[in-house]
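turn this into a structure:
(one chain, ligands or ions: 1)
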Amino acid sequence: MMRKGFQLFIVCVLIGFSSEAQKKVIKNIKKSVSQQGIESHMYFYASDELRGRNTGTIENRIAARYIAERFRAYGVKPVDQQNGFFQEVGLTRTKIPNEAKLTVGDSVFNLWDDMIFTSPATLEIDSVNYVFVEYGTAADFEDKDFEGKIAVGIYALPPEGQRLERDEMVSLLKEKGAVALLELYRPSKFDWPLLINYLSNDSYELNTKEVEESNFPVGWIVDPNLERLKFFRESDSLPISLSIRGSQIDHLTVPNVVGYIEGADPKLKDEYILISAHLDHVGVKNVVPGEDSIFNGARDNGIGITNMLTTAEYFGKNPPKRSLLFLACNAEEVGLLGSEWYAEYPLIPLRKTVYNINTDTGGYNDVTKITVVGLNRTNTTPELIKSGQPFGLTVIDDQVPEENLYDRSDNVSFAKKGVPAISFDPGYTAMDDEIKKYYHQPGDEPQTIDYEYLTKYCKAYIYAVYLLTEMDTFKWTEGDKYQEAGEELYK
Ligand SMILES: [Zn+2]
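Below is the predicted model:
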């Protein structure tokens with residue numbers, strides 16, 4: 001215990017020491033970065049007019065255009081001379097069925113109010129029977145005739161035995177000739193409208209992966225007070241009809257925004273520090289009729305983009321030794337797809353990207369801190385800790401490891417390829433009400449941001465980038481799960 005404490009003390013003393021060159025940089029950052037500039041980015045970027053910058057919308061492209069034109073103004077250059085600042089990301093979009101009707105005897109069940117189908121499918125089936133399969137244990141499927149019929153079950157854990165996995169259930173039912181599976185769902189944690197809202201979002205994949213319409217529809221029927229459970233258990237002699245229509249699979253592209261500032265050192269300029277933040281958010285959704293429906297995403301990720309632009313402006317005037325590669329990633333909220341695309345199709349060979357410092361935030365609840373997700377996963381811990389000090393901020397590690405935040409943002413797309421990566425985020429110490437109030441909520445608006453704090457945060461980020469560009473080498477911490485990928489990438 002003693003020894004560890006003593007070592008920590010030495011580290012703190014060393015970190016606290018700034019060289020003359022560093023003092024000059026700190027002074028320059030303090031003088032150069034203005035709160036008004038930061039507010040101006042944010043009030044445009046998280047405005048109602050940009051309507052939540054949802055992937056695939058025109059407002060998402062306007063957001064990308066804003067970033068590109070700020071890059072141009074600040075002296076950031078496009079990597080791709082031909083296509084300029086935009087790297088188009090190829091996506092496949094899936095819309096779930098938007099028309100469906102189920103009748104059982106005289107009872108009618110409507111789409112959205114009573115049920116939902118969660119994958120694209122088409123079906124038209126009249127006057128068949130259904131088979132009630134209870135909780136879906138293996139025994140529930142035995143000795144039953146499913147040929148041409150619909151299976152109806154309960155989406156819950158069985159009182160005894162084990163429920164089959166969804167995939168197992170579907171392939172078993174297909175094998176036995178069934179045509180669809182409907183499950184009675186009793187909402188617990190989420191209420192039904194909220195769940196519908198979530199499940200009815202379009203889903204996306206990179207267009208390099210195959211997406212097919214399922215020939216076996218699976219749906220949920222809401223059953224808040226278990227009346228429907230009683231009904232379906234008793235009514236399997238009634239004729240049942242089901243029609244499902246309107247699902248759609250299409251292709252589109254959305255822009256990543258990519259640019260770079262060339263390093264000042266003739267040798268080191270061939271190494272790039274990747275500065276990333278996602279540019280998209282979740283758009284407009286009518287969760288509660290009559291209430292604010294625009295998800296502005298001031299925190300998520302207006303902060304990341306504001307910070308990226310502020311950083312670009314500073315280094316455009318003060319190029320560091322190494323080169324800086326700026327990547328505003330698209331389609332993050334729908335599955336980290338823009339960064340995955342860039343990592344697959346990098347505009348500069350990935351092995352020249354020596355480090356990734358990302359920003360992504362659902363919110364902050366401690367304006368004395370900066371939270372670095374992955375603080376101790378690379379050899380940059382001392383530099384990152386040091387970066388907050390001149391601006392009165394304490395850099396801390398991720399306090400909610402159970403949320404698995406490292407794997408939930410764009411940094412992971414680069415980590416998987418071996419690039420040492422972290423996310424340098426505004427200070428949070430817990431997933432508390434202050435975070436939940438804004439995280440993916442329409443209230444995440446520009447006027448709710450603490451700009452004095454955001455300014456300090458941006459300054460610390462710039463200083464962190466400076467300190468990183470001065471480092472000798474970048475490495476994963478011994479034993480990290482991405483260490484091997486790193487050795488492979490840079491060998
Ligand atoms: Zn985000």
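
skipping adjacent residues, who's closest to whichever residue of the stretch 151-300 of the chain sits closest to the ion in space?
As assessed by C-beta to the ion, the ion sits closest to Asp300 within the stretch 151-300 of the chain, at 4.1 Å. Backbone N, C-alpha and C define where each C-beta goes, glycine included. In space, and not counting its chain neighbours, Asp300 is closest to Gly362: 5.4 Å by C-beta to C-beta, 6 or more residues apart in numbering.

so that neighbour sits in a strand?
No - read with DSSP: H, G, I helix; E, B strand; the rest coil, Gly362 is coil and lies in no strand.

the helices in the stretch 351-491 of the chain, which residues?
381-388, 411-415, 433-436, 451-469, 483-490 (DSSP state H, counting those that start in this stretch).

ok, now which ones touch the nearest residue to Ser18 once chain neighbours are set aside?
Beyond its immediate neighbours in the sequence, the residue positioned closest to Ser18 (C-beta to C-beta, 6+ apart) is Ile26, lying 6.9 Å away. The contact partners of Ile26, taken as C-beta atoms under 8 Å, 6 or more residues apart in numbering, are Ser18, Pro390, Tyr463.

any chance of those in CSV, plus neighbour count, distance to the ion and pLDDT?
Listed next are the contacts of Ile26 as CSV, based on neighbours: other C-beta atoms under 10 Å; distance: C-beta to the ion, whole Å; pLDDT from 0 to 100:
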residue, neighbour count, distance to the ion, pLDDT
Ser18, 15, 32, 83
Pro390, 19, 27, 97
Tyr463, 25, 23, 98
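
what does the stretch 151-300 of the chain have sitting close to the ion?
Selection of the stretch 151-300 of the chain residues close to the ion by C-beta under 5 Å from the ion yields Asp300.

rerun that using 8 Å as the cut-off
Contact residues (C-beta under 8 Å from the ion) of the stretch 151-300 of the chain with the ion: His278, His281, Gly297, Asp300.

on that earlier part again, the contacts of Ile26 into TSV, with extra columns for distance to Pro159?
Output for the contacts of Ile26, formatted as TSV (distance: C-beta to C-beta, whole Å):
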residue	distance to Pro159
Ser18	65
Pro390	61
Tyr463	59
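
which of those residues lies closest to Tyr342?
Distance to Tyr342 across the contacts of Ile26 (C-beta to C-beta) is lowest for Tyr463, with 25.7 Å.

for Ile305, what are its contacts?
With contact set as C-beta under 8 Å, 6+ apart, Ile305 has these partners: His41, Tyr45, Ala63, Ile67, Ala277, Leu279, Ala328.

check contacts around the closest residue to Asn301 other than its chain neighbours.
Residue nearest to Asn301 in three dimensions, not counting chain neighbours: His278, with 5.0 Å by C-beta to C-beta, 6+ apart. Counting by C-beta under 8 Å, 6+ apart, His278 makes contact with Asn301, Gly304, Ala328, Cys329, Asn330, Glu332, Glu333, Gly338, Ser339, Asp360, Ser409, Asp410.

show me what His278 is bridged to.
Under DSSP bridges, the beta-bridge partners of His278 are Cys329.

ok, so of the contacts of Ile26, who is nearest Ala343?
Tyr463 (26.9 Å).

how about the strands in the stretch 201-350 of the chain?
Counting by DSSP state E, counting those that start in this stretch, one finds strands in the stretch 201-350 of the chain at the ranges 203-206, 218-222, 240-245, 248-261, 272-278, 323-329.

turn those strands into a markdown table, columns for mean pLDDT and distance to Val76.
What follows is the strands of the stretch 201-350 of the chain, written out as a markdown table (pLDDT from 0 to 100; distance: least, C-beta to C-beta, whole Å):
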| stretch | mean pLDDT | distance to Val76 |
| --- | --- | --- |
| strand 203-206 | 94 | 26 |
| strand 218-222 | 95 | 47 |
| strand 240-245 | 95 | 47 |
| strand 248-261 | 96 | 4 |
| strand 272-278 | 98 | 10 |
| strand 323-329 | 98 | 6 |
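
what's the closest of those to Tyr438?
Nearest of those to Tyr438, taken as C-beta to C-beta: strand 272-278 at 16.4 Å.

give me the angle between that closest one and helix 451-469.
Interaxial angle of strand 272-278 relative to helix 451-469 (axes from the mean of the first three to the mean of the last three C-alpha atoms, to 10 degrees): 150 degrees.

tilt between strand 272-278 and strand 323-329?
Using the same axes, to 10 degrees: strand 272-278 against strand 323-329 is 20 degrees.

can I get strand 272-278 in PDB? Just the C-alpha atoms.
Only the C-alpha atoms of strand 272-278 are listed here, as PDB (Å, rounded to 0.1, in the frame of the first residue of the first chain):
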ATOM      1  CA  TYR A 272      -1.300  11.300 -37.500                       C
ATOM      2  CA  ILE A 273      -3.300  11.900 -34.300                       C
ATOM      3  CA  LEU A 274      -6.900  11.100 -35.100                       C
ATOM      4  CA  ILE A 275      -9.400  13.600 -33.600                       C
ATOM      5  CA  SER A 276     -12.900  12.100 -33.900                       C
ATOM      6  CA  ALA A 277     -16.400  13.000 -32.800                       C
ATOM      7  CA  HIS A 278     -19.700  11.900 -34.200                       C
END
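
so it versus strand 248-261, what angle?
Using the same axes, to 10 degrees, strand 272-278 lies at 140 degrees relative to strand 248-261.

let me know the closest of the contacts of His278 to Thr57.
Distances from Thr57 to the contacts of His278, taken by C-beta to C-beta, are shortest for Asn330, at 11.1 Å.

per-residue pLDDT of the closest one, please?
pLDDT for Asn330: 98.

tell me if I'm right that it and Asn256 touch.
Yes - using C-beta atoms under 8 Å, Asn330 is in contact with Asn256, at 5.3 Å.

give me the common contacts of these two.
Counting by C-beta under 8 Å, 6+ apart, the common neighbours of Asn330 and Asn256 are Ala64, Val89, Gly338.

which ones are touching the second one?
Applying C-beta under 8 Å, 6+ apart, one finds that Val89 lies in contact with Leu206, Thr253, Val254, Pro255, Asn256, Asn330, Ala331, Leu337, Gly338, Trp341, Tyr342.

how about low-confidence regions in the protein?
Residues of the chain meeting the criterion pLDDT under 70: 1-16, 189-190.

quick check, the residue in the stretch 51-200 of the chain closest to the ion?
Taking C-beta to the ion, the ion has its nearest neighbour within the stretch 51-200 of the chain at Arg53, 11.0 Å off.

tell me if I'm right that that residue and Gly283 touch.
Yes - using C-beta under 8 Å, Arg53 makes contact with Gly283 at a distance of 7.1 Å.

neighbour count: those two, which is higher?
Arg53 (29 against 22; other C-beta atoms under 10 Å).

quick check on that one: phi, psi?
phi 50, psi 40 (degrees, to the nearest 10).

that one and Ala485: what is the separation?
Separation of Arg53 from Ala485 (C-beta to C-beta, to the nearest Å): 31 Å.

repeat for Thr469
23 Å.

again, but for Leu309
Using C-beta to C-beta, Leu309 is found at 30 Å from Ala485.

so how far is Gly56 from Ile221?
The gap separating Ile221 from Gly56 is 30 Å, by C-beta to C-beta.
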